[in-house]
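Visitor: heads up, no residue letters with this:
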């Protein structure tokens, strides 16, 4: 085996070790997250937060429904310009997309608002990436 073949083999081993370590770390993190989320206190807190978000979303619905209507129309028409000015706030994992204009948290002093995966109005504070 030549030097370059030897170096390539060593690189493959290093890559495999890194991949294994990363995979194991993710698996361990998922186990910890699952354990925390299965805790009864955490589940109760999540239920209270979801109830408050739904209540607040319903309360804001009369005032903010026109933003949902514009969002729905832009999606139906494939209007990229209409969607481009929207808030980037989302909780994609839970099916939430904020339908308010970008900067609404300061200009309108409103939380994120839209509909949840079941179609109910929902308001929330903060955001998370789609893969979180």
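Guide: Received, thanks. Note that this is a predicted model, so its numbers are computed, not measured. Residues are numbered from 1 along each chain as shown.

Visitor: can you pull the buried residues of the helix with the most length in the chain?
Guide: Determined from DSSP state H, the single longest helix within the chain is helix 40-77. The neighbour-count check on helix 40-77 (16 or more other CB atoms under 10 Å) flags 53-54, 56-57, 60-61, 64, 67-68, 70-71, 74 as buried. (Glycine included, C-beta is placed from N, CA and C.)

Visitor: Off-centre distance for stretch 10-28?
Guide: 27 Å (CA atoms, centre = their mean, to the nearest Å).

Visitor: swap in stretch 97-112?
Guide: Relative to its chain's centre, stretch 97-112 lies at 16 Å (CA atoms, centre = their mean).

Visitor: shaky segments in the protein?
Guide: For the chain, the stretches flagged by pLDDT under 70 are 1-2, 91-94, 127-132.

Visitor: hang on, the earlier thing: Serialize the buried residues of helix 40-77 to TSV and add fields for distance to residue 10.
Guide: Converted to TSV, the buried residues of helix 40-77 look like this (distance: CB to CB, whole Å):
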residue	distance to residue 10
53	52
54	56
56	57
57	56
60	59
61	61
64	59
67	57
68	57
70	58
71	53
74	53
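
Visitor: which other residues reach the helix or strand following the longest helix of the chain?
Guide: Sequence-wise, the next helix or strand downstream of helix 40-77 (DSSP states H and E) is helix 80-84. Helix 80-84 is contacted from outside by 70-71, 73-75, using CB atoms under 8 Å, 6 or more residues apart in numbering.
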